[in-house]
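> Task: produce atomic coordinates for the following.
(2 chains)
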Amino acid sequence: METARGASPLAKSRTDRKKTPGPDPQLLERMLYYLKLTREAESRIEQVLYRQGKIVGGVYVGRGQEAIGVGSAIQLVEGDVVLPSHRDFSCFLIRGFTLRQILCNWMGRANGPTRGRDNTLHIGDVNRGVIPIISHLGDTCPVACGVAMVLKRRGKNNVALVHFGEGTSSRGDVHEAMNMAGVMKLPVIFICNNNAYAYSTPTSKQYAVKDLAVRGAAYGMPGIVVDGNDILAVFSVVAEAIARGRRGEGPSFIECKTFRMSGHSAHDAAEYVPHELFEQWKQKDPIARFEKFLLAKRFLTEKQIERLGAEVTEQVDDAVAYAESSPLPEGASAAEGVYCGPDCWWKESSR
Amino acid sequence: MAILTYLEAIRQGIWEEMERDASVFLLGEDIAAYGGAFKVTAGLLERFGDERVIDTPISESAIVGAAVGAALMGMRPVAEMQFMDFISCGFDQIVNMAAKIHYRWGARVPLVIRGPAGAGVHGGPFHSQSNEMWFVHTPGLKVVVPATAYDAKGLIKASIRDDNPVIFFEHKYLYRRVKDEVPEEDYVVPLGKAAVRREGSDLAIITYGAMVRTALEAAGQLMTEGISVEVVDLRTLLPYDEQCILASVRKCSKVMLLHEDTRIGGMAGELAAMITEKAFEDLDGPVVRVTAPDTPVPFSPPLEDYFLPGVQKVVEAARKLAAY
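This is a model prediction of the structure:
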């Protein structure tokens, strides 16, 4: 089995970091806020609400890989579009979905963004530049190409970010999309969260190369390996790819080596993962690492970090309470909104 | 009024929509410089440029996926499948991504996927299928099958203006064989509305696509035998025009359902169920199906002739039903 390794990629990303300006102190604090909020919200969903039976259906979290969503999506500007994977909870928060809305969706409430029609993070809003996955992972890669065709034509230097896992990278849609993006020089940044396991399948049974990033060359785009648990490394590599996209130089492929610190979903105890791997990767926890950095560089004090933690817990408490007190949808409303027409039920709503 | 072929009528419809709405654009394989395998899009590159008439790699899934992405961004993409048989390679993006987005999170996905379907040109199993039912069974899609040049133009225009994903099945046998007077001015044929092509009183043939011609020819023959046949052209299969169908059933009391598609799970089965549920008391005979047999579309001419429901098969089945 291959796992993320990384002295040279990390070194490469550090070199890149010198080229592009790093995040300012305020941005660093926002990054930590989103990391902590994501961790707290997902933990509550997976370890409390799911076990209490308050969340039905599948529960997929991105514990241990939060740096990828935050380090990438935090850089988007007005007009950019993100197509996050199911392990990029943070992207929804960063693009303006509230925790209340998200929790309502997880709990199948009438006032969630899908009104109970779809679950987990299958939530989107074109105005916020968020297009969600479907369970057929990889389908968002071609969609990102179509988005980028339009962004390119608008000429406002916007880009599309699409996240997917290393398991998804085996699907034909990813190949078709990367090829199309390469041929048409589309401003798409393909971000692979390589978290070592696709459900129970290790990377050795998923692909036959050491680094997926080598595929970039085959599609006529840069392919870069980065330590996905180092948020600053992710930030700088993505910054470079975004800059390239904005300059009209086409797509990039970024392979973020990380580890899934959970089962595939909440019902999966992940007994197929050697215990020592969890132990090893715990040492590389992206949030603890980032906090250590912020303290060492005196960007934040212990006290400030504690306060951030308390604030985050409070927000999750509020969102859970709000969602729990929100109504479930009426059964017969399932028949509405199959088509978008003059009487479209979605248009009447203020989403 | 100009006489246009079915193919020219589709091209004119697309052309007019591209003139009136800058958000309409085309993508597909060999559609720009080459003008499409059947030349439906010939001349459009020269008029609208390569930002609106886009040649793609051979990637049906990416073509449909990209159309979805562009539609979400406010465009009205029209994607060509070189043959509708190849739509299977983009199936997932159609039935899982495009069809369900509005229901799931309320976004508009105005796109058209169009291309040639149907047999009769010795195309063999992979260039001849009538695979419309793959999509009729998917809530959220609209499925359109024009039978005349007039409708081909009016329906493609309505499809492009629709806010939902529309699968538009052109019959390749009709491309250059069917000609109509087609108005040069702007008009649409609304989706979801069937048309009575011939009035009759003894039995109704409900059909669509290339079989409309077959039904009309059979109706002409049957008239000489004193059997008066009404012919209904569905035009849109999803959503279909229940009212129009039931009106003809009530008027004639005997019904034949005719299609080029294979039998099991075909449109005829759905309509037979609907008719018996809603007009049982009006029926004076069994609801009869005339369809292709449940085989792939064979290549060699005698095999293909056997496969296709022809005028003779329709006439024989109609005689029996009329005598019931």
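> CA only for contacts and neighbour counts going forward, please
Noted.
> Which residue ranges of the stretch 101-250 of chain A form helices?
For the stretch 101-250 of chain A, applying DSSP state H, counting those that start in this stretch gives helices covering A:140-154, A:172-184, A:215-218, A:231-246.
> Counting neighbours, which bits of the longest one end up buried?
Pointing back at helix A:231-246 there. A:231-246 (16 or more other Cα atoms under 10 Å in any protein chain shown).
> Between the helices of the stretch 101-250 of chain A, which one is closest to chain B.
Nearest to chain B among the helices of the stretch 101-250 of chain A is helix A:140-154 (3.5 Å), distances taken as Cα to the nearest Cα.
> State the mean pLDDT of the closest one.
Across helix A:140-154, pLDDT averages out at 98.
> contacts for that helix?
Contact with helix A:140-154 is made by A:81, A:83, A:132-134, A:157-162, A:173-174, A:176-178, A:180-181, A:186-188, A:190, A:248, B:51, B:61-70, B:72-73, B:75, as judged by Cα atoms under 8 Å, 6 or more residues apart in numbering or on different chains.
> Contact partners for the spatially most central residue of chain A?
Residue closest to the average C-alpha location in chain A (Cα atoms, centre = their mean): residue A:88, at 2.3 Å. For residue A:88, the contacting residues are A:62, A:66, A:68-69, A:163, by Cα under 8 Å, 6+ apart.
> repeat for residue A:338
Counting by Cα under 8 Å, 6+ apart, residue A:338 makes contact with B:100, B:102-103, B:139-140.
> among the residues you listed, which are in reach of chain A?
B:100, B:102-103, B:139-140 (Cα under 8 Å from any Cα of the partner chain).
> In these, find the pair that's most separated.
Pairwise distances across the ones next to chain A among the contacts of residue A:338 (Cα to Cα) peak at 10.8 Å, for the pair B:102 and B:139.
> Counting neighbours, go ahead and name the busier of the two.
Set residue B:102 next to residue B:139 and count neighbours by other Cα atoms under 10 Å in any protein chain shown: residue B:102 wins out with 23 against 15.
> from what I can see residue A:189 touches residue A:246, true?
No. Taking contacts as Cα atoms under 8 Å, residue A:189 lies outside contact range of residue A:246: 10.7 Å.
> can you map out the strands along the stretch 101-250 of chain B?
Along the stretch 101-250 of chain B, counting by DSSP state E, counting those that start in this stretch, strands occupy B:111-117, B:142-144, B:165-171, B:179-182, B:195-198, B:203-207, B:229-233, B:236-238.
> Would you reformat those strands as TSV and include mean neighbour count and distance to chain A?
Shown next, in TSV, are those (neighbours: other Cα atoms under 10 Å in any protein chain shown; distance: least, Cα to the nearest Cα, whole Å):
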stretch	mean neighbour count	distance to chain A
strand B:111-117	26	12
strand B:142-144	27	9
strand B:165-171	27	9
strand B:179-182	18	28
strand B:195-198	16	22
strand B:203-207	28	25
strand B:229-233	26	23
strand B:236-238	24	11
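> Please dump those into JSON lines; it should also carry mean pLDDT for every row.
Listed next are those as JSON lines, based on pLDDT from 0 to 100:
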{"stretch": "strand B:111-117", "mean pLDDT": "98"}
{"stretch": "strand B:142-144", "mean pLDDT": "98"}
{"stretch": "strand B:165-171", "mean pLDDT": "98"}
{"stretch": "strand B:179-182", "mean pLDDT": "95"}
{"stretch": "strand B:195-198", "mean pLDDT": "98"}
{"stretch": "strand B:203-207", "mean pLDDT": "98"}
{"stretch": "strand B:229-233", "mean pLDDT": "98"}
{"stretch": "strand B:236-238", "mean pLDDT": "98"}
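> Turn those strands into a markdown table, including distance to residue B:272.
Converted to a markdown table, the strands of the stretch 101-250 of chain B look like this (distance: least, Cα to Cα, whole Å):
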| stretch | distance to residue B:272 |
| --- | --- |
| strand B:111-117 | 24 |
| strand B:142-144 | 19 |
| strand B:165-171 | 22 |
| strand B:179-182 | 31 |
| strand B:195-198 | 18 |
| strand B:203-207 | 10 |
| strand B:229-233 | 14 |
| strand B:236-238 | 14 |
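> which intervals of the stretch 201-350 of chain A have sub-threshold pLDDT?
Along the stretch 201-350 of chain A, the model assigns pLDDT under 70 to residues A:343-350.
> Which one of the residues in it is closest to chain B?
For the stretch 201-350 of chain A, Cα to the nearest Cα, closest residue to chain B: residue A:338, 5.0 Å.
> sec struct for residue B:290, please.
Here residue B:290 is recorded as strand under DSSP: H, G, I helix; E, B strand; the rest coil.
> Looking at strand pairing, list the partners for it.
Beta-bridge pairing for residue B:290 (DSSP bridges): residue B:258.
> swap in residue A:164?
Beta-bridge partners, per DSSP bridges, of residue A:164: residue A:192.
> Give me the pLDDT for it.
Each residue has a pLDDT score; the one for residue A:164 is 98.
> Against residue A:158, how distant is it?
20 Å (Cα to Cα, to the nearest Å).
> Surely residue B:154 touches residue B:191?
No. Using Cα under 8 Å, residue B:154 makes no contact with residue B:191, being 9.4 Å away.
> any shared contact partners between residue A:189 and residue A:246?
Residues touching both residue A:189 and residue A:246 (Cα under 8 Å, 6+ apart) are residue A:159.
> if we can go back for a sec, show me the contacts of residue A:338 that map onto helices.
Judged by DSSP state H, helices contain the following of the contacts of residue A:338: B:100, B:102-103.
> Kindly indicate which of those lies nearest chain A.
residue B:103 (5.0 Å).
> Could you report the distance from residue A:139 to chain B?
Using Cα to the nearest Cα, to the nearest Å, residue A:139 is found at 7 Å from chain B.
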